[in-house]
Structure formats: C-alpha cells, structure tokens
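J.: okay, sequence plus prediction incoming.
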Amino acid sequence: MMNTTFKNKLHSLLLPSLLFTLLFTSCSSDDADVILPVPTISEVEIGLGNNEIGVVGRDFHFNAEILAGDKIDLVTIQFRQRSEETYSEAWSYEIIWDDYKGVKNATVHKHFDIPMDAIEGNYDLVITISDENGTLLEEVRNVTIYLPEHLPVDPQLLEFTVAARSDSYRVLYIHSLGGYRDPETLEYGNYNVYIDKGETLDASVNLGGLKDDGVVYMLLINKKNQHKPESISSIDFSKVVVIDVFEHTALEQTERWSNIHYERPNFPDISRLLVGASVDNNMPTPSPISDLKAWESGTYYVGFIYKNTTHNIELFQYMELSLNF
C-alpha cells in the first residue's frame, strides 16, 4: 500500500513537469518558426530621369517607395566599387537617412551632390532598408559616375525667362539676373510675382552644350496638384498645362539653343499661352485645360524639362508665381 502511494505521488510530481517541458519545447519551436515580414521597395529611380548617371560635383536624384515589414528604421545607400572593374583609385560613399524612422511607408525622394573626390567608373548602388523588427532588405542597382568633361553631352542652363504680356511686357523672372523681379522697384531677388487672367504667359529657355536629338517641355502646373516632375517620363499630363514643346534633331554641337526660334511654324504664338485659353500647346494635339488643370486662382509652377533623347540626360528648373483668375 505504501509502495502504491509513493508511485501515485511520484506520478503527480512528474506529470506537471513533463507537461511544462512539452509546452516549453512547443513554444520554442513556434518561436523559431516565426517569419518576420521584411521591407519592400519599388519605383526606384537612380539619377535624373532614372538614367543611372551621376556627375562629379553635381546634383544626383534618388527616389524609392518603401513599405516596411513593421516600421522603417534606417535607409542607407552606398556607392560601391565592383571587383571586376578597374578604377584609378579606391573610393566609396555612403549616406544614411534616419528621417523616415518609425513610419510604415515612405516616399524617399532625395537630391545630393556627388562628392568632388568621387572616382569615375561603373558602380553598384547598394540600397539597404533596415526595419525596426530586425529584418533587412538589400537591393543593388547600377550607376555610372562621370567627370563633367567626359559626359557624352552636357546640357547647361544659360537663361530661363518668364514674362506676362498684355498691352505691355512685364518681366517676372530672369534666371541670370537673380530670379524674380519686383513689379514696383524692378529689382531682382526673392519677390512675389503674378500673372492675371487675360494676360499671355511667355516662358523661354536657352540651353548650351547640346547636340544630336532632344526635346524641351515648358510647363504650367497648379501647385495644389502636388506634381513637380523632374523628367519628361514622369510628367502627368492630367495635371500639367503645356506652354510649349520644341525639339531638335541631328543637332551639331552648339553653344546656344532655345525654344524662341523665329523659323518655327506659328512662332511666336506657339510658345505663348493665354491665361484663360481652352486648350494648351501640347504637341501633336493640344489638350483641354479642364478638370485638374482648369483655370483658377492660386500658386503655380512655371518650369521646363529638357531631355537629350540621344544620350538620356535631362535638365529641369521651376519658378513660382501667383495666378489671378
């Protein structure tokens, strides 16, 4: 009888311990099987117009849409030399952005200068997304770094002018003179400028260092539409009023080229836009100025985007004005 009682007590002591061991083992196994969600990346753009080109000492464009597994911790990009390539010397460059920390998704749109000590060549651009849950995403893209003098073509902004025409000619902006012109003092600087309903918007650009084939778009965009394209491929024509489109083909190297060209058909009307017009100057077919583009009072961007279509190199600039309608 005492032996039976001892066995029962032993069984009572061992059973909970066994159950705990089994439960702990099961939980540990479950923990080991947990797969944490990793970040994802899309709509990556490397260089202006996604041309995968960087120029020493000049602005570089980077864009990406990021969705975290949990929340974003850090976003890092690194220019890394390739083992199979030959370079004049070793060089690498890394940027870490923590301004997206703690958010689930973000549009990473950055501009920065390629350092002056950068070495020409073909590079891996390594994009790393660190998640707060401990996971990482690494994506590698191509980028070629040039010295300016070694670019196949090097478009340069010589002049960008915006004016309002009615019974008189009123200059609003001249790039080379310091920007906006004060309507009262006629001095140039950071002034507020405007155009009224019934006036004609006149925008012109002069570019240098061009050759072969290219096209320029002169644009008017309502700022409320939150659209400020930096490349022709990114233009949303449902939000953009086209002031002018002008192309060059088989152009020999030139020091100056402009959309103000007196031999153009229908010039100068083709390069101007009446504030209140029903259609714009898009080519080959003008687009109605309606819906998101409908005329209304507000702040507008006026700008140009030039693309050398032969060499896939682009250039852009914008100014702002108030439109009274």
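T.: In hand now; what should we look at? Residues are numbered from 1 along each chain as shown.

J.: in the stretch 151-300 of the chain, which spans are strands?
T.: 156-165, 169-174, 179-181, 188-189, 194-196, 200-208, 210-222, 240-254, 257-258, 272-274, 298-308 (DSSP state E, counting those that start in this stretch).

J.: can you lay out these as CSV showing distance to residue 82, mean pLDDT and mean neighbour count?
T.: Just so you know, the C-beta spots here come from the backbone N, C-alpha and C atoms, and that holds for glycine as well. Supplementary listing: the strands of the stretch 151-300 of the chain in CSV, determined by distance: least, CB to CB, whole Å; pLDDT from 0 to 100; neighbours: other CB atoms under 10 Å:
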stretch, distance to residue 82, mean pLDDT, mean neighbour count
strand 156-165, 31, 97, 18
strand 169-174, 44, 96, 17
strand 179-181, 42, 96, 19
strand 188-189, 47, 96, 14
strand 194-196, 51, 97, 19
strand 200-208, 34, 97, 22
strand 210-222, 29, 98, 22
strand 240-254, 32, 95, 17
strand 257-258, 37, 94, 19
strand 272-274, 48, 95, 19
strand 298-308, 27, 98, 22
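
J.: can I get those in a markdown table with distance to residue 55?
T.: Output for the strands of the stretch 151-300 of the chain, formatted as a markdown table (distance: least, CB to CB, whole Å):
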| stretch | distance to residue 55 |
| --- | --- |
| strand 156-165 | 12 |
| strand 169-174 | 26 |
| strand 179-181 | 24 |
| strand 188-189 | 28 |
| strand 194-196 | 34 |
| strand 200-208 | 16 |
| strand 210-222 | 16 |
| strand 240-254 | 18 |
| strand 257-258 | 20 |
| strand 272-274 | 33 |
| strand 298-308 | 14 |
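
J.: quick check: phi and psi at residue 48.
T.: phi -60, psi 130 (degrees, to the nearest 10).

J.: just give the number of residues close to it.
T.: 23 (other CB atoms under 10 Å).

J.: wait, is residue 49 part of a helix?
T.: Yes - using DSSP: H, G, I helix; E, B strand; the rest coil, the assignment for residue 49 is a helix.

J.: surely it and residue 235 touch.
T.: No - here residue 49 does not reach residue 235: they are 11.1 Å apart, not a contact under CB atoms under 8 Å.

J.: ok, the two, which is more surrounded?
T.: Taking other CB under 10 Å, residue 49 and residue 235 do not tie; residue 49 has more neighbours (23 against 17).

J.: please report how far the more buried one lies from residue 129.
T.: 24 Å (CB to CB, to the nearest Å).
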